[in-house]
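**Q** got a predicted structure here, sequence first:
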Amino acid sequence: MPDTTTKEGSPEVVLSMTEVLKAGVLSDEIDLGALAHNAAEQAEEFVRKVWEASWKVCHYKNLPKWLQDNDFLHRGHRPPLPSFRACFKSIFRLHTETGNIWTHLLGCIAFIGVGLYFVSRPSIEIQAQEKIVFGAFFMGAIICLGFSFAFHTLSCHSVEIGRLFSKLDYCGIALLIMGSFVPWLYYGFYCHFQPKVIYLSVVCVLGVLSIVVSLWDKFSEPGLRPLRAGVFMSFGLSGVIPAVHYSIMEGWFSQISRASLGWLILMGLLYITGALLYALRVPERWFPGKFDIWFQSHQLFHVLVIAAAFVHYHGITEMAMYRVMYSECTVPTEPITF
Ligand SMILES: [Zn+2]
């Protein structure tokens, strides 16, 4: 079947509406009398329903300019769907965004579940202070994944809505990075108040800066993909400085260093791999048109983000348990001496 662009008011849409209308009349589903007396609203509601149900996926070249983002994905794109209802219903249809939507929707639900479980523990088990520190991470993860889900669902609504949600999507990434730093710095510099406050302040400044950059209109342009990956990667990688500081302070091979740095490095590798796939658009770059629906770079990036967030959660849990077990600030550092 040839690709059809279902733009509002286009001849194809009018034609398919007429077909549906005829079919409806024949099957007695539509009360013609009522339709004839109808007020404009009812006709409008009818047209909207028919149109929402009848859109077809289309080819990249048939997309309007504002929806053309990745030319290595050929078929299966959603046409513009200027209705929130239609966008949310498109979650249940198969197109280039289906995988992106579901990966972060499920990730978001998973983090809401883990977050609620964590904060609802009795205070003998987990103290309020711990809950606040972990809460920053949970909030970052939930907001990031939630905004990402909303962006991928609503990106085809209209230029304005698409732009607004892409900005929120980027702000979400900045919040996830900020939220990830909070517990790490808190437990890493548990007994060192000054560096803790300095690093947390720097993270806040860098976070606000990346949010400001994210709000810039041009930031979401397809050509600036490497810049976007670069901004968030450098923000994340700025964590190397406190990590090195921490390792020198605690000893590179101490028990706590090994535990927390191991997970931190794994998290970093997952994020970097994700960001590189995203920036380079691998694998669809090598096989254009072969990863339109599944396993495109953006989906892999989404899965790696979730994996990295869970690895980080595990890492900060270990750090927190170590700190709680070895009572406050009398932590034996036990560096291995050569
Ligand atoms: Zn995304």
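**A** That came in fine, so what should we check first?

**Q** what stretches of the stretch 151-300 of the chain score poorly on pLDDT?
**A** For the stretch 151-300 of the chain, applying pLDDT under 70 flags the ranges 255.

**Q** residues touching the closest residue to residue 237 other than its chain neighbours, list them.
**A** Closest residue in space to residue 237, ignoring its immediate chain neighbours: residue 268 at 7.4 Å, by Cβ to Cβ, 6 or more residues apart in numbering. For glycine as for every other residue, the C-beta is placed from the backbone atoms N, C-alpha and C. Applying Cβ atoms under 8 Å, 6 or more residues apart in numbering to residue 268 gives the contacts 236, 237, 239.

**Q** same question for residue 279.
**A** 225, 226, 228, 229, 230.

**Q** name the element it belongs to?
**A** helix 255-280 (DSSP states H and E).

**Q** list the buried ones in that helix?
**A** 255-257, 260-261, 263-264, 266-268, 270-272, 274-275, 277-279 (16 or more other Cβ atoms under 10 Å).

**Q** ok, the most centrally placed residue in the chain - contacts?
**A** Nearest to the geometric centre of the chain sits residue 148, at 3.4 Å (Cα atoms, centre = their mean). Residue 148 makes contacts with 100, 104, 169, 172, 302, as judged by Cβ under 8 Å, 6+ apart.

**Q** so which bits of the helix or strand it falls within are buried?
**A** Per DSSP H and E: residue 148 is located in helix 128-154. For helix 128-154, the neighbour count (16+ other Cβ under 10 Å) marks 130-131, 133-154 as buried.

**Q** over to stretch 39-46?
**A** Quick answer for stretch 39-46 (16+ other Cβ under 10 Å): residue 46.

**Q** how far away from the center of its chain is it?
**A** 37 Å (Cα atoms, centre = their mean, to the nearest Å).

**Q** for that stretch, C-alpha coordinates in PDB please.
**A** Listed next in PDB are the C-alpha coordinates belonging to stretch 39-46 (Å, rounded to 0.1, in the frame of the first residue of the first chain):
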ATOM      1  CA  ALA A  39     -25.300  21.400  15.200                       C
ATOM      2  CA  ALA A  40     -21.900  22.100  14.000                       C
ATOM      3  CA  GLU A  41     -20.400  20.600  17.200                       C
ATOM      4  CA  GLN A  42     -21.700  17.100  16.500                       C
ATOM      5  CA  ALA A  43     -20.400  17.100  13.000                       C
ATOM      6  CA  GLU A  44     -17.100  18.300  14.200                       C
ATOM      7  CA  GLU A  45     -17.000  15.600  16.900                       C
ATOM      8  CA  PHE A  46     -17.800  13.000  14.200                       C
END
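
**Q** which strands or helices does the strand or helix carrying residue 200 pack on?
**A** Using DSSP H and E, residue 200 sits in helix 193-214. Packing partners of helix 193-214 (3 or more Cβ pairs under 8 Å, 6 or more residues apart in numbering; DSSP states H and E): helix 159-188, helix 225-237, helix 240-250.

**Q** could you dump the ones you listed into JSON lines and include distance to residue 197?
**A** Shown next, in JSON lines, are the helices and strands packed on helix 193-214 (distance: least, Cβ to Cβ, whole Å):
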{"stretch": "helix 159-188", "distance to residue 197": "9"}
{"stretch": "helix 225-237", "distance to residue 197": "19"}
{"stretch": "helix 240-250", "distance to residue 197": "12"}
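
**Q** what about residue 306, distance to residue 277?
**A** Going from residue 306 to residue 277 by Cβ to Cβ, to the nearest Å gives 14 Å.

**Q** nope, residue 310 is what I meant
**A** Distance from residue 310 to residue 277, by Cβ to Cβ: 18 Å.

**Q** with residue 211 instead?
**A** 24 Å.

**Q** swap in residue 92?
**A** Taking Cβ to Cβ, one finds residue 92 at 27 Å from residue 277.

**Q** ok, now residue 237?
**A** If you go by Cβ to Cβ, the gap between residue 237 and residue 277 works out to 17 Å.

**Q** and if you look at residue 116?
**A** From residue 116 to residue 277 the distance is 31 Å (Cβ to Cβ).
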